[in-house]
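Participant: 3D, please:
(chains A and B)
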Amino acid sequence: MSTVVTRFAPSPTGLLHAGNYRTAVFAYLFAKHSGGKFIVRIEDTDVARSKPEYEENIHEALAWLRLPADETYRQSEHRARHRALLEKLIADDTAYVSKETPQAPGDREEVIRFRNPGGTVSFTDVIRGEITTDVGDLGDFIIARSLDEPVFHFAVVVDDADEGVTHVIRGGDHISNTARQILIQRALGLAEPLYAHLPLILDSSHKKLSKRAGAKALTEYRDLGILPEALLNYLAFLGWNPGDDREYLSREELVKDFDISRVQKGSAIFDEVKLLSVNQHWMRALSVEDFIAHGDFVVPDVEKLRKIVPLLKERAHTFGEAREMLSGELSCLFEIPTLDREKLLAKEPSDRPETAKNGLEGLLKLIEALPDNVSAEAVKEVIMPLADAEEAKGKGGRGAVLWPLRYALSGAERSPDPFTLLSILGRDEGISRIRKAIAILGG
RNA sequence: GGCCCUAUCGUCUAACGGUUAGGACGCCGGCUUUUCAAGCCGUUAAUCCGGGUUCGAUUCCCGGUAGGGUCACCA
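Facilitator: Modelled structure (predicted):
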């Protein structure tokens, strides 16, 4: 029983997007599920377009997603081997040096072409079943620009064989490349790996995800404050499912349950909204300490931040959003708000003037009697009877005291409830803000 | 256009040839300690079309349609 070997073979000619990494995820999960090896091979045969920073970005993204390679190669390391096999093919007359008329800048006057035997080539795709291609219309395709510059189709076949790759798991956009690669394989007498062509990931306009059309680089999701386990979870579920109703699987569960026979044939659309909800799930699963460690928050008071984490978990879908909240709608927890008299009175019943002011004064007494450090529940317990009493007086009564209180504490039209606010702010700060509000109301 | 692939709610998807076609996300609605958020409850919503095969097709076969991929001296 031979061990499974899969590979992820990106070319460092740009920043890779989620669709690219989705193939890495499947190749990794399949290999690890089977106890096999996962290889990363940087396909840098296009010297002109390959850039070190792109290669660096690939390693960064893979490390962040925690898809560690068992072996890492760079295709350009295999030049000598490629050259030798190219020479062999030419000696065989399976390939030949062809004189060309350059059509585009950079074109050579001489390239190496493969002598196409014609006929049909079939292979059994692990996901799609038998696929047959008439290779006749491929013509004598180019396999190298020169002895030292093999083209993708040639290099990929040689490297996969040399590295012992058993399963070529890649995007469905490679289906039509497979036949010619098999032709090269046969000419070279190499073993034929199994092919698994994954359904493509489409953008909202139903086109293949592409940087050109605005797809984000994977590392942008990291920078937005998406958790790697969330992205992994989401990516794994694009074109695959475990066969039951679970939606949130950890990396360990994914490895354990991944089953390539459950991979979808049809393409899937990348939905950022769903990704956000998956991310929120994993953010909520974090402990307070882990949440803070991941968040990269800049706040004056970490102790207070600990109390705010539950609010952040409730509201934010990404850590970026959480950071924005701390300096935006939740900034009142760190800074003394400026109050507006009109807003303080916004919910005052027209037939009962002074309700806001009287209410705040009543609440003030209750709060003053509280210990400094109380839970939101405890605060609520003390305050609600007063709000309820107001409610009994007429319509909107509860809100008539609760709104001014909440506004006095937050200075915002939208904020967490007043009980939570008080529990985070502490009794003394709460009292000071309420007094200020009473003063504004003419106390 | 040639060749290839694909086809279940808006999206991701489930369903030994027999189900009221299920779940999730979103949307919409309701509830709550009447801001926002969250939570809870609920609603809406799909088997592309046409032929077969079969007692019975989402499921198997054929055809069409639609969508996508690919046709580089890029990978």
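Participant: What ranges does the stretch 1-150 of chain A have for its strands?
Facilitator: A:5-8, A:37-42, A:71-74, A:95-99, A:110-114, A:120-125, A:129-134, A:142-146, A:149-150 (DSSP state E, counting those that start in this stretch).
Participant: now, of these, which is deepest in the fold?
Facilitator: Of all the strands of the stretch 1-150 of chain A, strand A:5-8 has the most neighbours on average by mean count of other CB atoms under 10 Å, namely a mean of 26. The C-beta positions use only the backbone N, C-alpha and C, and glycine is treated the same way.
Participant: Show me what that strand is packed up against.
Facilitator: Under the contact definition 3 or more CB pairs under 8 Å, 6 or more residues apart in numbering; DSSP states H and E, strand A:5-8 sits against helix A:18-33, strand A:37-42, strand A:167-171.
Participant: Could you identify which of the ones you listed is most buried?
Facilitator: Highest mean neighbour count among these (mean count of other CB under 10 Å): helix A:18-33, a mean of 25.
Participant: Show me what the mean pLDDT comes to for that helix.
Facilitator: Averaging pLDDT along helix A:18-33 yields 97.
Participant: and the angle from that helix to strand A:167-171?
Facilitator: Between helix A:18-33 and strand A:167-171, the angle comes out at 160 degrees (axes from the mean of the first three to the mean of the last three CA atoms, to 10 degrees).
Participant: Please say whether there is contact between helix A:18-33 and RNA strand B.
Facilitator: No - using CB under 7 Å from any atom of the strand, helix A:18-33 never reaches RNA strand B; the gap is at least 9.4 Å.
Participant: still on that earlier bit, format the helices and strands packed on strand A:5-8 as a markdown table; extra columns: distance to residue A:125.
Facilitator: Output for the helices and strands packed on strand A:5-8, formatted as a markdown table (distance: least, CB to CB, whole Å):
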| stretch | distance to residue A:125 |
| --- | --- |
| helix A:18-33 | 14 |
| strand A:37-42 | 20 |
| strand A:167-171 | 10 |
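Participant: closest to residue A:385 out of those?
Facilitator: Minimum separation from residue A:385 across these (CB to CB) falls at helix A:18-33, 53.0 Å.
Participant: May I have the closest one as PDB, with CA atoms only?
Facilitator: Provided in PDB are the C-alpha atoms of helix A:18-33 (Å, rounded to 0.1, in the frame of the first residue of the first chain):
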ATOM      1  CA  ALA A  18      -8.900  32.100  -1.600                       C
ATOM      2  CA  GLY A  19      -9.600  29.900  -4.700                       C
ATOM      3  CA  ASN A  20      -5.900  29.100  -5.000                       C
ATOM      4  CA  TYR A  21      -5.600  28.200  -1.300                       C
ATOM      5  CA  ARG A  22      -8.800  26.200  -1.400                       C
ATOM      6  CA  THR A  23      -6.900  23.700  -3.600                       C
ATOM      7  CA  ALA A  24      -4.100  23.700  -1.000                       C
ATOM      8  CA  VAL A  25      -6.700  23.000   1.700                       C
ATOM      9  CA  PHE A  26      -8.100  20.000  -0.100                       C
ATOM     10  CA  ALA A  27      -4.700  18.600  -1.000                       C
ATOM     11  CA  TYR A  28      -3.600  19.000   2.600                       C
ATOM     12  CA  LEU A  29      -6.700  17.500   4.100                       C
ATOM     13  CA  PHE A  30      -6.700  14.600   1.700                       C
ATOM     14  CA  ALA A  31      -3.000  13.800   2.400                       C
ATOM     15  CA  LYS A  32      -3.300  14.100   6.200                       C
ATOM     16  CA  HIS A  33      -6.600  12.200   6.300                       C
END
